[in-house]
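Visitor: build me a structure from this.
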Amino acid sequence: NLKHRTMKGRILTVMITALVTIILIAVAVYLIFGFSSKPGKIMSVNSPQGSFEAYVVESPSADPPKQSLFIAKAGTGEFRLVASLPEDIESAHKIYWTEDGNKAIFVTSWHLFVTDVQTFNTMKISLNPDWWKMHEGKKTFSSSGTSVVMEELILNGSDSLTYRTNLMTQPVTVSLTGL
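Guide: Below you'll find the predicted structure:
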């Protein structure tokens, strides 16, 4: 009888220890990977007239950054998604507005996103000539790590913009009238 109670006690102790271990591991994973945090606005610029806000949201991720680009109508609670950037590969660097407040320009590590706030048409301009590479059997991908820095961005009214990155020898002018 005593042997039976001791065996029951050991089994109960092992079960409780296993349960506590599983809970502690789950809590550690939750805290380490940041799943306890909520998406947050990390960059925001209001249009010159104050009618719109262009902003970037950082979402919790095991492999950050994980960012999305948005435009909102000021004071209405209404917003639209411009783009979700690829996790771990692309991040936003700066936001610009045309003087008339009709176009928002998001500069990322890979692209320029130009969005017309009236039509919500978006032009995506590649800044980085690099290609991504899939790692066979791992379901992951990477790039060569080529860093692109916007060295010059000039807005020519609302009709065009001129830009030059560290990888370019001459600036390029892009028409925005088709948006």
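Visitor: please make it C-alpha for all contacts and neighbour counts, starting now.
Guide: Will do.
Visitor: next one: the helix or strand where I71 lies to chain centre, how far?
Guide: Using DSSP states H and E, I71 sits in strand 67-73. The chain centroid and the centroid of strand 67-73 are separated by 10 Å under CA atoms, centre = their mean, to the nearest Å.
Visitor: in terms of secondary structure, what does whichever helix or strand comes after it contact?
Guide: Counting by DSSP H and E, the element after strand 67-73 in chain order, helix or strand, is strand 79-84. Secondary-structure packing of strand 79-84 (3 or more CA pairs under 8 Å, 6 or more residues apart in numbering; DSSP states H and E): strand 67-73.
Visitor: name the helices or strands packed onto the strand it packs on?
Guide: Checking 3+ CA pairs under 8 Å, 6+ apart, strand 67-73 ends up next to strand 52-58, strand 79-84.
Visitor: convert the strand holding I71 to PDB, retaining C-alpha atoms only.
Guide: Coordinates of the C-alpha atoms in strand 67-73 are reproduced here as PDB (Å, rounded to 0.1, in the frame of the first residue of the first chain):
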ATOM      1  CA  GLN A  67       6.200  46.300 -42.200                       C
ATOM      2  CA  SER A  68       3.100  47.500 -44.000                       C
ATOM      3  CA  LEU A  69       2.500  50.900 -45.700                       C
ATOM      4  CA  PHE A  70      -0.800  52.700 -45.100                       C
ATOM      5  CA  ILE A  71      -2.600  55.900 -46.000                       C
ATOM      6  CA  ALA A  72      -5.400  57.200 -43.800                       C
ATOM      7  CA  LYS A  73      -8.000  60.000 -44.100                       C
END
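Visitor: pairing partners for that strand, with directions?
Guide: Within its sheet, strand 67-73 is paired with strand 52-58 (antiparallel), strand 79-84 (antiparallel), according to DSSP bridges.
Visitor: rounded mean pLDDT for that strand, please.
Guide: Average pLDDT, strand 67-73: 98.
Visitor: nearest spatial neighbour of the residue nearest to the spatial centre of the chain, chain-adjacent residues omitted?
Guide: By CA atoms, centre = their mean, the chain has its centre lying nearest to Q67, at 1.1 Å. For Q67, ignoring the flanking residues on the chain, the nearest one in space by CA to CA, 6 or more residues apart in numbering is E58 at 4.6 Å.
Visitor: where in this structure is pLDDT low?
Guide: Applying pLDDT under 70 to the chain flags residues 1-5, 27-37.
Visitor: re the thing from before, pretty sure the residue nearest to Q67 is touching L69, no?
Guide: No - assessed by CA atoms under 8 Å, E58 is found out of contact with L69, at 9.3 Å.
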